[in-house]
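Q: Predicted model and sequence follow; I will ask about them next.
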Amino acid sequence: MIASFWTPKHVASIAAAPIPAASVIAAGDRYGTVPGFDHWDYWPVQNPDGSVADVANGTLWMVLAAPASGDPIDRHLHARIRLLHEKSGQWTDLGFVLPAGLNPGNREWSGSAILTDAHHVTLFYTAAGLTGTSGGWQQRLFQTQATLTFADELPQLTGWSPPIESVKSDGQHYVIVDQLDGKPGTVKAFRDPAYFCDPADGASYLLFAASLAQSSSSHNGCVGWARSSSEAHTQWDLLPPLVVADSLNNELERPHLLFRNDLYYLFWSTQNLVFAPDGPAGPTGLYGMVAETISGPYTPLNGSGLVIANPASEPRQAYSWQVLNDLRVTSFTDYPNAGLQILSSDDARTHFGGSLAPMIKIVLDGATATLASGPKQA
């Protein structure tokens with residue numbers, strides 16, 4: 001299996017085409033929020049086929065959350081997963097997903113969740129840091145299962161199983177991320193597990209953001225993956241990288257697959273500031289590739305890989321996009337209405353959105369991805 005490459009030549013071609021920019025998010029557009037908390041990195045509970053699960057006549061969402069205080073960049077040091085139920089555009093907070101003390105790390109970072117049957121939800125997530133310590137940028141992939149019940153017509157997830165490590169980094173294909181110190185944008189990756197069931201043969205995979213081992217570049221981001229080797233999806237075989245951006249980009253975050261029109265679409269998010277300083281840089285946005293088979297080779301969508309960019313006047317307004325099976329695209333409000341200004345810590349708190357952004361719809365036609373319309377509320 002040979003990895004597909006996202007290269008400087010691809011990114012350099014962005015400048016030669018119209019930028020597929022999202023509309024400016026209006027001040028006050030805030031959905032799926034909880035007073036007193038910052039929210040980012042939303043994901044819905046999905047069926048194994050990738051469709052969004054219908055739960056209690058609505059949808060069930062997980063989101064990273066941290067107390068809304070201080071510099072928003074510090075939220076990564078306090079993140080826990082919170083549960084939300086959406087029904088007819090109304091959002092209900094259901095509290096933290098995992099009980100205190102269950103996580104084998106000291107924070108909970110992004111992942112995915114599937115409704116394995118009518119009564120159980122499996123969560124794949126990133127355990128950051130180490131139990132009994134504070135801080136640290138260590139990253140490991142874990143999974144745990146809960147029973148889905150209902151009380152007062154609202155869903156509850158109870159009886160979480162002891163988390164098990166889904167798959168470990170090998171240090172050969174992927175960097176073992178055991179950094180104690182670092183800051184967002186520069187640390188290495190082994191995080192963001194996203195479940196995918198291949199309709200071709202029913203095999204299950206986990207995709208994840210990773211860093212390429214055996215690289216001489218400080219910008220060695222890649223998309224990693226593993227294939228399930230057990231019927232219960234509790235054992236996974238690590239595979240060589242699926243897509244590599246060596247010497248181009250440090251972080252291909254929250255990668256996920258979508259199968260549509262007999263093609264495999266691979267998407268990820270990245271930021272302008274994590275492109276290598278000695279090469280071309282794309283805007284902060286959603287990027288993707290397409291292939292005829294799950295293992296590739298993958299071709300960048302639109303020639304460059306760029307699918308959605310933040311508008312030029314608001315280059316940091318949203319982040320962490322996820323393409324749903326109906327081609328709606330979720331993200332969170334990062335620094336909307338901040339414009340081009342450089343933000344101090346105090347200014348960052350004032351401008352940080354920390355909420356679900358209005359959804360965007362895209363159209364996929366072979367290797368072409370276009371915006372179907374402007375943002376709309378979920």
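A: Cool, got the structure.
Q: in this protein, which spans are helices?
A: Per DSSP state H, the chain carries helices over the ranges 8-12, 345-351.
Q: Tell me which residues of the last one come out buried.
A: The neighbour-count check on helix 345-351 (16 or more other CB atoms under 10 Å) flags 348, 349, 351 as buried. Bear in mind the C-beta positions are built from the backbone N, C-alpha and C, glycine included.
Q: Ok, which of the helices of the chain comes nearest residue 357?
A: Residue 357 sits nearest to helix 345-351 of all these, at 14.1 Å, using CB to CB.
Q: Which elements pack onto that closest one?
A: Helix 345-351 sits against no helix or strand, with contacts defined as 3 or more CB pairs under 8 Å, 6 or more residues apart in numbering; DSSP states H and E.
Q: mean pLDDT lowest for which of the helices of the chain?
A: Least confidently modelled of the helices of the chain is helix 345-351, at a mean of 86 by mean pLDDT.
Q: could you dump that one to PDB, C-alpha only?
A: Extracted C-alpha coordinates of helix 345-351, given in PDB (Å, rounded to 0.1, in the frame of the first residue of the first chain):
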ATOM      1  CA  SER A 345      -5.400  37.300  25.300                       C
ATOM      2  CA  ASP A 346      -8.100  39.600  26.500                       C
ATOM      3  CA  ASP A 347      -9.200  40.400  23.000                       C
ATOM      4  CA  ALA A 348      -9.200  36.700  22.200                       C
ATOM      5  CA  ARG A 349     -11.700  36.000  25.000                       C
ATOM      6  CA  THR A 350     -13.900  38.800  23.700                       C
ATOM      7  CA  HIS A 351     -13.900  37.500  20.200                       C
END
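Q: thought residue 2 was touching residue 297?
A: Yes - with contact defined as CB atoms under 8 Å, residue 2 reaches residue 297; the gap is 7.4 Å.
Q: The two: which is more packed in?
A: Set residue 2 next to residue 297 and count neighbours by other CB atoms under 10 Å: residue 297 wins out with 13 against 10.
Q: Now do the contacts for the more buried one.
A: 2, 4, 291 (CB atoms under 8 Å, 6 or more residues apart in numbering).
Q: what residues are up against residue 134?
A: So residue 134 contacts 77, 106 (CB under 8 Å, 6+ apart).
Q: Look up how far residue 105 lies from it.
A: Distance, residue 134 to residue 105, by CB to CB, to the nearest Å: 11 Å.
Q: cool, and residue 83?
A: In this view, residue 83 and residue 105 are 19 Å apart by CB to CB.
Q: again with residue 8
A: If you measure residue 8 against residue 105 using CB to CB, the figure is 35 Å.
Q: who's more crowded, the two?
A: Under the criterion of other CB under 10 Å, the comparison of residue 8 against residue 105 puts residue 105 first, with 20 against 17.
Q: Ignoring the adjacent residues along the chain, who's closest to that one?
A: residue 127 (3.3 Å; CB to CB, 6 or more residues apart in numbering).
Q: Show the contacting residues for the residue nearest to residue 6 when sequence neighbours are not counted.
A: Excluding the flanking residues, the one nearest residue 6 by CB to CB, 6+ apart is residue 245, at 4.5 Å. Counting by CB under 8 Å, 6+ apart, residue 245 touches 5, 6, 7, 219, 220, 221, 222, 252.
Q: Pull out the buried residues from these.
A: Of these, these count as buried by 16+ other CB under 10 Å: 5, 6, 7, 219, 220, 221, 222, 252.
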